[in-house]
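K.L.:
structure, please.
(2 chains)
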Amino acid sequence: MNKQTTDQNQNRVKIRQIATGVPGLDEILGGGLPEFSFNILAGAPGCGKTTLAHQIMFACATAESPALYFTVLGEPAIKMLRYQQQFSFFDQAKLNGAIRFVNLSQLVMDEDLGTVLEAIVKEVEESKAKFVIVDSFRTVVRKAQAGNSSETELQGFVQRLALHLTSWEATTFLIGEYVEGELRDNPVFTVADGLIWLNQSVERNSIVRKMQIMKLRGQESVPGLHTFRITETGLQTFPRTFGLSAPTNAPKGERRLSTGVPQFDALLGGGIPEGDSLLLAGPSGSGKSLLASQFIAEGLLQGDPGVVAVFEELPAAYIQRAAKLGMDLGTPMEDGRLKIIYLRPLDLSVDETVHAVVTAVREIGAKRVVLDSLVGFEMALAPDFRHEFRESLYRMIGALTRLGVTVVSTVEVEENFTSMGLSNFAISFLTEDIVRLRYISINGQLRRMMLVVKMRRSEHSIDMWEYKITDRGVVIGERLQGYRGLTTGIPGPWSTESGQNDPDHTSDLISEGANES
Amino acid sequence: MTGLSCSKITYTDSMGEPRVAMQKLALRLIALEEPSDLGSDPGRNAAFRVLEKLRLLLTRFSGSDGFAALMRRAIALSRPENPSLVGCTLGKDGSIASLEGISVDAGLSLAAHLLDLMTTFIGEALTLSLLADIWPVEVKD
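P.N.:
Numbers count the residues shown, from 1 in each chain, chains lettered A, B, ... in the order given. Below you'll find the predicted structure:
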């Protein structure tokens, strides 16, 4: 950067960013709400516009920077207060001091746009409001249109309103019920500095809420649709960046993490490289969850706090199952070195899951994370998110490994005896390391076989190993030699007559997504 | 018998007296207004001054229609105990069209019911918070 450019940058006006008080929203906005901006909060009825406006208002308004909330022919103010005070952000102490409600319904009904503008400006000037909300602005527009105001008059009104409020150094939100088709050539949207679009989509029995910053002048917001949830604390948004957009110094492969099964570590070339994501793929009962538990338990012994996200059983059951195999996960849970999070809310989103895992990782400084299992995770998702499961997993695993944690995920594979699939989702490209567990039929016994399919950054065993599940966990047995067709699950004795004369290296098919439905 | 247990909402007599706390609050507000009244019927005037101030307060934040709706309900609730309200009508802005013949008790009852309705809808804490805008002194016992 040359000196001239540096000087130009230093001379630019700095737009202060206001913290919205809505978890995740500041990141989506690119740092916060631009001060003195004139914004539209748009969306269909019931999608959370009023709640979002209240949440921001209660977070921002102070006695020195008061807020004015104009209600216009929308939800009656008395009912709005009745419902909004149920949210934990609603601070009654701010009412009639830092926050004031003014009803403009009658004025809008009886008078023209100019008079409405005068009333708003007068109230803002008298109260010295720094935050102004008009709810619903759409009704003002409708009234103007019904009163035969031309589009030019309406644009003039919006433009003058924006001018006055910005000159008065107020940050403004106009709330309106709009559908996407109304976006084009709408004078309100043209004048606005920011346009936050809320939407809720229904698929089958689930409702998914999403937010999009369609426009934001002066700063770079995070593009795309971000999911959000409304709870008793108000809106919680889940940025697609997972709060991990800053550069990372996370360690990658500097040390090897033991899985708690020394022979398994040896197959991996010395353990799992720190910061990697390893996928354990195998059929039901093949010991995926057990290996993952051993990985966590070993970490706790080594001083690595851990997080386990379970989708198919409750934490208590998970701890109990581990205890039967000699792993004490209860004590580290109690003393804060381990978090087992059970994620099965209705209509779960991937972003919400990552948020929960990332929060848990940060809270205890976790070094190891287990996701058990990806199939259960997919089942817990709202149908709307299942369409993009693979892409979401890619973002999720990327986000987690950016934190520097080492991730072990389990995935159930529907076993067949013709080929060896790695997962049902064709997701194996997402992970650095893949281990495949499978059943094999030998001498009339259903036995278990393990194969390290891929270790992105290191040498690893290419042999197939028998293993057993014991009351001490997974125990690796002998290398399977003298068989052909091991990867099909129905091996036969190796025969030089078959023309395959290299018994050390299988030529069986390893097909990713072979079971993909 | 083993059956489902369920909680039930019990509705109190909707045409009954306002809650005692709201009656006390109304009395306290009237008492706060009385000292500034040098007229012949200070209690009655004070009661209606309280109602007028409540009208201005509620109109500002919920509009004249919002206030008028609450006031109509308050009159309906007060009327059985206060026959002087039988002919009471409201203006477009929710103010009482004529105070002629309306007793001081009726004024007190109206104020108490209005406060009771506010408390029902938005809770006591928020109601008191709004009232503090007009009566900055502590209004609660």
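K.L.:
and A:Lys468, which of the three is it?
P.N.:
Judged by DSSP: H, G, I helix; E, B strand; the rest coil, the three-state class of A:Lys468 is strand.
K.L.:
the nearest residue to A:Gly485 once chain neighbours are set aside: what's it in contact with?
P.N.:
Counting by C-beta to C-beta, 6 or more residues apart in numbering or on different chains, A:Pro491 is the residue found nearest to A:Gly485 once chain neighbours are left out, at 4.6 Å. Every residue, glycine included, has its C-beta placed from N, CA and C. When contacts are counted by C-beta atoms under 8 Å, 6 or more residues apart in numbering or on different chains, A:Pro491 is found next to A:440-442, A:480, A:483-485.
K.L.:
of those residues, just the buried ones, PyMOL syntax please.
P.N.:
Selection of the buried residues among the contacts of A:Pro491 in PyMOL, burial being defined by 16 or more other C-beta atoms under 10 Å in any protein chain shown:
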select buried, chain A and resi 440+442+480+483+484+485
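K.L.:
could you dump the contacts of A:Pro491 to TSV with pLDDT, distance to B:His113 and secondary structure?
P.N.:
What follows is the contacts of A:Pro491, written out as TSV (pLDDT from 0 to 100; distance: C-beta to C-beta, whole Å; DSSP: H, G, I helix; E, B strand; the rest coil):
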residue	pLDDT	distance to B:His113	secondary structure
A:Ile440	89	81	strand
A:Ser441	87	82	strand
A:Ile442	86	86	strand
A:Leu480	89	86	coil
A:Tyr483	82	89	strand
A:Arg484	81	91	strand
A:Gly485	79	87	coil
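K.L.:
taking the contacts of A:Pro491, tell me the two that lie furthest apart.
P.N.:
A:Ser441 and A:Arg484 (13.5 Å; C-beta to C-beta).
K.L.:
immediately after the helix or strand encompassing A:Ile28, which helix or strand?
P.N.:
Per DSSP states H and E: A:Ile28 is located in helix A:25-29. Downstream of helix A:25-29, the next assigned helix or strand under DSSP H and E is strand A:33-34.
K.L.:
summarise which helices and strands that next one is packed against.
P.N.:
On a contact count with 3 or more C-beta pairs under 8 Å, 6 or more residues apart in numbering or on different chains; DSSP states H and E, strand A:33-34 meets strand A:17-18.
K.L.:
what pairs with the strand it packs on, parallel or antiparallel?
P.N.:
For strand A:17-18, the pairing partners within the sheet under DSSP bridges are strand A:33-34 (antiparallel).
K.L.:
give me the helices and strands touching the following helix or strand past the partner strand, please.
P.N.:
Of the helices and strands lying after strand A:33-34 in sequence (DSSP H and E), the nearest is strand A:38-43. With contacts taken as 3+ C-beta pairs under 8 Å, 6+ apart, strand A:38-43 sits against helix A:49-60, helix A:151-167, strand A:171-177, helix A:187-191, strand A:194-203.
K.L.:
again, only this time at 6 Å
P.N.:
Under the contact definition 3 or more C-beta pairs under 6 Å, 6 or more residues apart in numbering or on different chains; DSSP states H and E, strand A:38-43 sits against helix A:49-60, strand A:171-177, strand A:194-203.
K.L.:
which residues touch the closest residue to A:Thr50 other than its chain neighbours?
P.N.:
Leaving aside its sequence neighbours, A:Thr50 sits nearest to A:Asp135 (C-beta to C-beta, 6+ apart; 5.9 Å). Counting by C-beta atoms under 6 Å, 6 or more residues apart in numbering or on different chains, A:Asp135 makes contact with A:50, A:71, A:74, A:175.
K.L.:
re the thing from before, may I see the helices and strands packed on strand A:38-43 organised as CSV, with mean neighbour count and mean pLDDT added?
P.N.:
Shown next, in CSV, are the helices and strands packed on strand A:38-43 (neighbours: other C-beta atoms under 10 Å in any protein chain shown; pLDDT from 0 to 100):
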stretch, mean neighbour count, mean pLDDT
helix A:49-60, 23, 96
strand A:171-177, 25, 93
strand A:194-203, 18, 88
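K.L.:
using CSV, please lay out these together with distance to A:Thr353.
P.N.:
What follows is these, written out as CSV (distance: least, C-beta to C-beta, whole Å):
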stretch, distance to A:Thr353
helix A:49-60, 22
strand A:171-177, 30
strand A:194-203, 18
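K.L.:
what about these, which gets the closest to B:Arg73?
P.N.:
Closest of the helices and strands packed on strand A:38-43 to B:Arg73 is helix A:49-60, at 24.6 Å (criterion: C-beta to C-beta).
K.L.:
what does the closest one rub up against?
P.N.:
A:18, A:20-22, A:41, A:43, A:67, A:84, A:89, A:91, A:131, A:133, A:135, A:173, A:175, A:198, A:234-235.
K.L.:
let's see that with 8 Å instead.
P.N.:
Contacts of helix A:49-60 (C-beta under 8 Å, 6+ apart): A:18-22, A:33, A:41-43, A:67, A:69, A:74-75, A:80, A:84, A:87, A:89-91, A:94, A:99, A:130-131, A:133, A:135, A:171, A:173, A:175-177, A:196, A:198, A:230, A:234-235.
K.L.:
how about the residues of chain B near chain A?
P.N.:
Listed as neighbours of chain A in chain B under the rule C-beta under 8 Å from any C-beta of the partner chain: B:58-66, B:70, B:118, B:121-123, B:125-126, B:129-130, B:132-133.
K.L.:
from those, list the buried ones, please.
P.N.:
Buried among these by 16+ other C-beta under 10 Å: B:58-66, B:70, B:118, B:121-123, B:126, B:129-130, B:132.
K.L.:
need the residues of chain A near chain B, please.
P.N.:
A:71, A:76-79, A:81-82, A:85, A:92-93, A:95-96, A:100-106.
K.L.:
and the residue of the stretch 401-517 of chain A found nearest chain B, what does it touch?
P.N.:
Nearest residue of the stretch 401-517 of chain A to chain B: A:Glu412, at 38.1 Å (C-beta to the nearest C-beta). Residues near A:Glu412 by C-beta under 8 Å, 6+ apart: A:281-284, A:288, A:373, A:375, A:424.
K.L.:
do A:Ala360 as well
P.N.:
With C-beta under 8 Å, 6+ apart, A:Ala360 has these contacts: A:307, A:339, A:341, A:366.
K.L.:
put the buried members of these into a ChimeraX selection.
P.N.:
Buried residues within these, by 16+ other C-beta under 10 Å, are selected in ChimeraX with:
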select /A:307,339,366
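K.L.:
residues near residue 116, how many?
P.N.:
Just going to use chain A. 22 (other C-beta atoms under 10 Å in any protein chain shown).
K.L.:
sorry, should have said chain B
P.N.:
23.
K.L.:
could you do A:Ile15 as well?
P.N.:
Using other C-beta under 10 Å, A:Ile15 has 14 neighbouring residues.
K.L.:
need the per-residue pLDDT for it.
P.N.:
Turning to A:Ile15, the model gives it a pLDDT of 90.
K.L.:
fine by me, we can end here.
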